[in-house]
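need the 3D shape of this:
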Amino acid sequence: MQAVAVISEETVKRFLTYSELIPIISSAFGQFSRGQDGGVVQPVRMMVPVQKHNGMCYVMPCLYDGYFSTKIVTFFKDNVDLPSHNAYISLFDGTNGAMRALIAGETITAKRTAAMSAVATKFLARSNSKILAILGTGTQARSHFLCLTSIFSFEEVRINFFVDL
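Presented below is the predicted three-dimensional model:
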């Protein structure tokens, strides 16, 4: 059995850049839109409620570019001493099923989601857009700000803060 790489959150933060991620996401979108011919298999995520502890577990498998991965995200909104969200991605060789890596998933999730928005913005936003509006102030808001301002030149950024009542 081959050794499995364990990739920490710090390593992901250091090496995963928007400039490399956005073209990969754009290509994956294109391949996914071609259905079976595109080579991307991404079933709907499975959700497992953990009602006793006011939590949820999400399982998201995908086959892409010769690799099979599964992201597992847990969300326990009542956590006090731990983050409410925890995520890991298991990466397998798509040709033989051998596990290759276990990757911390918080940064990947934030950056991947922002990169997806950047690709959509590139195709859907007016070319003369000058204002970026962000709803919320959490992890996704921060990652979207960093990603979108790295590829678009906005004159103004508006952030709307919501209070959960």
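
what's the helix or strand for the residue nearest the centre of the chain?
By C-alpha atoms, centre = their mean, the chain has its centre lying nearest to Thr109, at 2.7 Å. Per DSSP states H and E: Thr109 is located in helix 106-124.

right, and the helix or strand after that helix?
Next along from helix 106-124, by DSSP H and E: strand 131-135.

list the helices and strands that following strand packs on?
The contact analysis (3 or more C-beta pairs under 8 Å, 6 or more residues apart in numbering; DSSP states H and E) places strand 131-135 against helix 139-151, strand 156-160. Bear in mind the C-beta positions are built from the backbone N, C-alpha and C, glycine included.

return the most buried member of these.
Ranked by mean neighbour count under mean count of other C-beta atoms under 10 Å, the helices and strands packed on strand 131-135 are led by helix 139-151, which reaches a mean of 17.

for that helix, C-alpha coordinates in PDB please.
Written as PDB, here are the backbone C-alpha positions of helix 139-151 (Å, rounded to 0.1, in the frame of the first residue of the first chain):
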ATOM      1  CA  THR A 139     -15.700  33.100   5.300                       C
ATOM      2  CA  GLN A 140     -17.400  33.100   2.000                       C
ATOM      3  CA  ALA A 141     -17.700  36.900   1.900                       C
ATOM      4  CA  ARG A 142     -13.900  37.200   2.600                       C
ATOM      5  CA  SER A 143     -13.000  34.600  -0.100                       C
ATOM      6  CA  HIS A 144     -15.300  36.200  -2.600                       C
ATOM      7  CA  PHE A 145     -13.900  39.600  -2.000                       C
ATOM      8  CA  LEU A 146     -10.300  38.400  -2.400                       C
ATOM      9  CA  CYS A 147     -11.100  36.300  -5.500                       C
ATOM     10  CA  LEU A 148     -13.300  38.800  -7.300                       C
ATOM     11  CA  THR A 149     -11.000  41.800  -6.600                       C
ATOM     12  CA  SER A 150      -8.000  39.900  -7.900                       C
ATOM     13  CA  ILE A 151      -9.500  39.600 -11.400                       C
END
